[in-house]
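Novice: Can you look at this prediction? I've put the sequence above it.
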Amino acid sequence: MGPWPDPTAWRAAADGGAPGSSGAAEGAARKRHWLPAPWNGRSAALACILRSRRIGVPAADLLPEICARARLSPAERGLARELAGGAIRHAVSLDLAIGLASRRSVDSLDEPLREVLRQGAYQMLFLDRIPPSAAVDESVKLAKVFCGRSTGALANAVLRKLTRLMEGRLEADWIAPGVAGGTGVGRACGGVAERSTRPPGGAAGEGTPTAVPSAGAGPDIATGARRPANALYFRGSRMVRLKKPVLPSFDSDAIGWLSGFYGFPRQAVEILAASLDIGEVERVLRASNEVPPVTVRLNRARMPAVTPTGCARGGAGVAAVAGAGEARPGPGHDGGAGGSRGEGCAWGPPAASDGNGRGRASGAEKPAESAVASVTGGGSAEPRAAFLREAFEGVHGFEPVDERGATEGLYRIEFPGDVGSLPGYRKGLWTVQDAWAARIVLRLDLPDHLPREGLFAVDMCAAPGGKATAMAERLAASGGRVLACDSDARRLEMVAGHAERLGLDNLSTRVADGRTPPEDLRGTADIVLLDAPCTNLAVMGRRWEVRQRVNRDAVAAMARLQGELLDGAALLLKPRGLIVYSTCTLAREENGGATASFLARHGDFRIIREETTLPAGGLHDGGYVCIMERR
């Protein structure tokens, strides 16, 4: 690694500047992401967190460029991502552990030293491949360089005492093996779980499902007798036990126990508990600590389609699909995920065999031909197999997200680097998108009265473009068009870039504020997609900082904005058209509350489908979708 850089260089890097830079030079330095050399995964993670706080950019968005400019090896990049994401996600739990070992309160420590201790504690408590002694030594080095030599002794004392307070790592025995989160809320229907989220007394509309007990959900919440006060949760049912209690009694303060055990600020847990029952809250917290997979949606405008006779044909073939009409994703994706387990639900896990479209696609290796044959119903599988080989060239492995994934073109892939560098991505054969998000469009049932050809859809908040491109792929063969709108011109450029890469000439873009749609667009849309800005409570596994920043004021502000956007969507729609309203949150005010208020203002609309899905860790994100039709 070479010598450690000068302390002023480290501090400047965290601030976005170079050694000795100040004033006007600082802004330019921030733009070019200046970094001194040499670096390693620990220092990159620490600088990323500190800089993220200073400039207000999510750490996950900053980290790839920091690692690239620091010229870190793949192993060091992986360590940097693990430490940065872990220290942010588990900050509440880590502070509880540090508080046991420190005479000073965690809040009284300077921010750089507090982050150094969190990073060290995360390695010691949760990462079994890093010896505690190595975690202590490297953290002491970081403290001396980032915070001054005098802080090294404090870091050493706190972390070594924490080592002595560790009792061991073990399984959380009340969590069923392999269960990382719930599959949905309520009655399984059409592949996702359905439940009314409408508040008591709210407008229900036709077709609104009735709240029923969960189908196929995770285990019930255990009694307080099985909930230790001296343990902290990691992921995959694993927890670390300490020699002293750090949590309140579960029986006396269930919210406080869940907050500390799973590492969420109390207010975030309270917001979830206001919309979900306590067992569902725990499943969301547990799922949000899992590492999300990378899921891709094959380009339906290019892949061979499955026909009822079992033969494969080229071009778009969305109509052949029953019910159908973003590791690190590249820039501007909806994320990646898979499916969940549920009775009578198409979100089940992949089969244990190597069938159904799985394969190893590295070099000249080929996906299992029998697997592709099972997808095409036994006819000639070669066009589909050839497409999969080309699409997944360079990946370490791939598999359908579940039993319907191959037919819908949704696959999980294994690749440790930037998926944007893969040949299939560059050729426009697939894009990164969470399976739950993709299925909002893939499984959208179009009423018979809508035109079969030439349908016009508007995506009001289109960036980064996952749902807009999915809709454009679906409509490509029937002459349908999609207009992707967003108020942010820079982010809208990402949508245009994805459309060009995917070869979607039926998708155009336009800068527009959804709250006040342009006059020439009003009353023109057959379908309006409104993937509204929200508090992101159903994607906390993918968005590290959400749990730290969410509060009741943010929920109320988002609900007001969503109401204004829904009113704008109504202006765009033709008679008997559809509004497809979706969020990736679980707060009732932003979901059923927002649509209930909309229905109260617009009596000419009715609900034809409404669903809430809980995230399932390592499988898929969650969220809410409500499809409303103008009468």
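Specialist: Structure received.
Novice: for the chain, where's the lowest mean pLDDT among helices and strands?
Specialist: Using mean pLDDT, DSSP states H and E, the weakest-scoring helix or strand in the chain turns out to be strand 187-189, at a mean of 27.
Novice: center of the protein, which residue is that?
Specialist: Closest to where the C-alpha atoms of the chain average out (Cα atoms, centre = their mean) is residue 542, at 3.5 Å.
Novice: any idea of the pLDDT on that one?
Specialist: As predicted, residue 542 sits at a pLDDT of 93.
Novice: That one and residue 621 touch, don't they?
Specialist: Yes - counting by Cβ atoms under 8 Å, residue 542 does reach residue 621; the two are 6.6 Å apart. All C-beta spots, glycine's among them, are computed from the backbone N, C-alpha and C.
Novice: list the contacts for residue 284?
Specialist: Residues near residue 284 by Cβ atoms under 8 Å, 6 or more residues apart in numbering: 181, 182, 272, 276, 537, 538, 540, 586, 614, 615, 622.
Novice: among these, which one has the lowest pLDDT?
Specialist: Lowest pLDDT among those: residue 182, 40.
Novice: the domain parsing of this structure - what is it?
Specialist: With domains defined by automatic domain parsing, the chain comprises 7-164, 294-438, 445-630.
Novice: got the end-to-end distance for the longest one?
Specialist: Just to be clear, that refers to domain 445-630. Domain 445-630 has its terminal residues 15 Å apart, counting by Cα to Cα, to the nearest Å.
Novice: what does stretch 516-524 give?
Specialist: Using Cα to Cα, one end of stretch 516-524 lies 15 Å from the other.
Novice: Run the chain-centre distance for that stretch.
Specialist: Stretch 516-524 sits 32 Å away from the centroid of its parent chain (Cα atoms, centre = their mean, to the nearest Å).
Novice: residues in contact with it?
Specialist: Contacts for stretch 516-524 (Cβ under 8 Å, 6+ apart): 456, 458, 460, 483, 510, 512, 568, 571, 572, 573, 574.
Novice: and the first one, bridged to which residues?
Specialist: In this structure, residue 456 bridges to residue 481 when assessed by DSSP bridges.
Novice: Below-threshold pLDDT in the stretch 151-300 of the chain: ranges please.
Specialist: The model of the stretch 151-300 of the chain has pLDDT under 70 over residues 174-225.
Novice: Mind jotting down where the helices sit in it?
Specialist: Applying DSSP state H, counting those that start in this stretch to the stretch 151-300 of the chain gives helices spanning 151-165, 254-262, 266-273, 278-288.
Novice: the inter-axis angle of the third one versus helix 254-262?
Specialist: So that's helix 266-273. With axes from the mean of the first three to the mean of the last three Cα atoms, to 10 degrees applied, the angle from helix 266-273 to helix 254-262 works out at 120 degrees.
Novice: Show me what helix 266-273 packs onto, helices and strands only.
Specialist: Contacts defined by 3 or more Cβ pairs under 8 Å, 6 or more residues apart in numbering; DSSP states H and E place helix 266-273 against helix 254-262, helix 278-288, helix 552-572.
Novice: which other helices and strands contact the longest one?
Specialist: The one in question is helix 552-572. By 3+ Cβ pairs under 8 Å, 6+ apart, helix 552-572 packs against helix 266-273, strand 525-531, strand 573-583, helix 592-601.
Novice: now the angle from the longest one to helix 552-572?
Specialist: Between strand 573-583 and helix 552-572, the angle formed by their directions is 160 degrees, by the same axes, to 10 degrees.
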